[in-house]
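Asks: this one's structure only:
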Ligand code: ADP
Ligand code: ZN
Ligand code: ZN
């Protein structure tokens, strides 16, 4: 432990007004500063120690950010540290640096950022009970059981990244669906484990795609694998964090929050499906897990690999600007596997029946007769998005949100997908008494019902957030699909990600059009990504795959790019549009958001906030506007957009603005800054 300057341990009481040295502690309070505490004679503290302090009437956990600083406060105003915790490793310097960076970049006070990044049990002033937190299992063996010998293309990628082990390099691994990206990750990790180092793997929503974890466990039967996601119980999450922080876990596999786990021997950072929007944290410290991962690799001096079939335009642009190197896998890895044939079904010519065009139904029927699987993709869960009275035009709305209630057939209830409110389906229209209420439109449950009626005897499996509520259940369902015990899968986005169903040869897409007419400039990028991903589930072995996209805009360039699997062409046309319109990645953005019981108050606050700091000429501050869905859970929301083509100019303005807001913002009003925002509704 570091020796402390002598004046720290001898604190002369007579010298009340003399300057003296103290420790500076980060606390989870919404104030953008650290707090001074004195060090009792019998304690030695170092930067990164978790400590217990008195703050107001409460004891709190804090993290020592500086020792030996000179306090500005009189001696008698400074309280002593109460305890130093040694139940978890001291937070390392590179981790503190990461948190300083994230806190400054995303405009969140350092204390809230640092304490918020700790696992739940370590945020508590209670010491960790010695035995309660199970270590991750395994013997730290580096045995590797590869599933395949790498193809030539894969080997080239592997060698390129392996050559960068030991230094920072950022790679975009652009490989079509099924090109064997995961297989490369496994080989790279094997190399890292051989050297006794640690690998960090970030993936979207791993609690919902358990087969990624399975693949890791099969490849590394003896390795200590720490899995981290927010669906875990506090104890398990804390245990995984400790395994990472102690260096016990050779592999840390998790969602975005895993990027915040200390890893003393970090030697490789992998981000799978880097384009996925779930990498952006939407509350508290609103960081991008992907961008934080690249920064972390830089701090650790190791390579970062961002893998995807459909890069985000930010990442694509970073490659064009030569910040990232692009590694390409243009073909599927499995022998004989081809990318599927993608075509549109023109809904203006083929009249759909309960949502299905005749061509789509025929394609499913053909698969059924051949014993192959079909996947029907519809990006909406529930039975129907609207319950309406045809007599008077009433629709069921949520009382707390400006949104409609969604009909759920299994529970026979209405549910709000924004605030979670639920109620029974009314027997009659509340305004006119009409008993003939109609569900309009369709979601996964209704599609499942329609298919069941149409293809009697077919085994239909629905996979969405509702059917995946219990973790074990989703795994069991997926197992059944893998074993071929399902003929038709109906699902949302959840099915698009990472699944490898060998018998699946047809994908039908039901409602692609909403995104084409959206006002969100990112809608096309997302639609292309999800369609390419979901198409990527078809034909992953010898039997060719076919994809039909039902649309009223069959001539849309997005569909022709999709049919050619031409991501580059699509990306370039999007980038051209964004450049002309002045959208990211050509400008940097931030949003200031506020919510209040009444919209007026939120708008007024934003208008005044914009005047608190003077925007430099390089920063453009827009007028505040209400959110598209203005009210959620009883709060009305508005936001103000800030843009600049200079990141430093925007960052400078944001710091000034947030400092002013912390001083001036009224307590009763909730506000936050979102840097590099991706959701605007
Ligand atoms: P991606 O992560 O790019 O979607 P995967 O790593 O999941 O690709 O591989 C897709 C499929 O191809 C899997 O079934 C995998 O087992 C198989 N595969 C991967 N690499 C090879 C290889 N070198 N030889 C044969 N099959 C492979
Ligand atoms: Zn009515
Ligand atoms: Zn609601």
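Replies: Sure, I can see it. Bear in mind that the values here come from a model prediction, so they are computed numbers and not experimental data. Residues are numbered from 1 along each chain as shown. Ligands and ions are numbered 1, 2, ... in the order given.

Asks: and the strand ranked longest in the chain, which residues are buried?
Replies: Ranked by number of residues, the top strand in the chain under DSSP state E is strand 58-70. Using 16 or more other C-beta atoms under 10 Å as the test for burial, strand 58-70 gives 60, 61, 62, 63, 64, 65, 67, 68. Any C-beta I mention is one placed from the backbone N, CA and C, and that applies to glycine too.

Asks: Averaged pLDDT, that strand. What do you get?
Replies: Throughout strand 58-70, pLDDT has a mean value of 94.

Asks: going forward can the numbers begin at 22, since that is how I track them
Replies: That works, and once the first residue is 22, the last one we named lands at strand 79-91.

Asks: Output the contacting helices and strands for the next helix or strand after it.
Replies: Where DSSP states H and E defines the elements, the next helix or strand beyond strand 79-91 is strand 104-106. Packing contacts for strand 104-106, counted by 3 or more C-beta pairs under 8 Å, 6 or more residues apart in numbering; DSSP states H and E, involve strand 71-76.

Asks: one step back: what strands line up against the longest strand of the chain, and which way round?
Replies: Partners of strand 79-91 in the sheet, by DSSP bridges, are strand 42-48 (antiparallel), strand 71-76 (antiparallel).

Asks: count of residues packed around residue 348?
Replies: 21 (other C-beta atoms under 10 Å).

Asks: so it touches residue 182, yeah?
Replies: Yes: when contacts are counted by C-beta atoms under 8 Å, residue 348 is listed as touching residue 182 (7.4 Å).

Asks: Residues in contact with both of the two, list them for me.
Replies: Counting by C-beta atoms under 8 Å, 6 or more residues apart in numbering, the shared contacts of residue 348 and residue 182 are residue 192.

Asks: chain center to the helix or strand that contains residue 615: distance?
Replies: Element membership for residue 615 (DSSP H and E) is strand 609-617. How far strand 609-617 lies from its chain's middle: 19 Å, per C-alpha atoms, centre = their mean, to the nearest Å.

Asks: I'd like the mean pLDDT over whatever helix or strand comes next after that strand, please.
Replies: Moving toward the C-terminus from strand 609-617, the next helix or strand (DSSP H and E) is helix 620-633. What helix 620-633 shows for mean pLDDT is 94.

Asks: Partner strands of the following helix or strand past helix 620-633, with direction?
Replies: Next helix or strand after helix 620-633 toward the C-terminus (DSSP H and E): strand 640-642. Within its sheet, and counting by DSSP bridges, strand 640-642 is paired with strand 656-665 (antiparallel).

Asks: Show me what counts as buried in the partner strand.
Replies: Neighbour-count burial for strand 656-665 [16+ other C-beta under 10 Å]: 656, 657, 658, 659, 660, 661, 662, 663, 664, 665.

Asks: Is it correct that the last one is in contact with residue 639?
Replies: Right, the one you point to is residue 665. Yes: if you go by C-beta under 8 Å, residue 665 and residue 639 touch, sitting 5.2 Å apart.

Asks: what do the two both touch?
Replies: residue 671.

Asks: burial count for the closest residue to residue 424 other than its chain neighbours?
Replies: Nearest residue to residue 424 in three dimensions, chain neighbours excluded: residue 439, at 5.1 Å (C-beta to C-beta, 6 or more residues apart in numbering). By other C-beta under 10 Å, 19 other residues sit near residue 439.

Asks: looking at this, residue 439 is in a helix?
Replies: No: with DSSP: H, G, I helix; E, B strand; the rest coil as the criterion, residue 439 is assigned coil and is not in a helix.

Asks: ok now do it, which residues does it touch?
Replies: 419, 422, 424, 650, 653, 654.

Asks: Great, nothing more from me.
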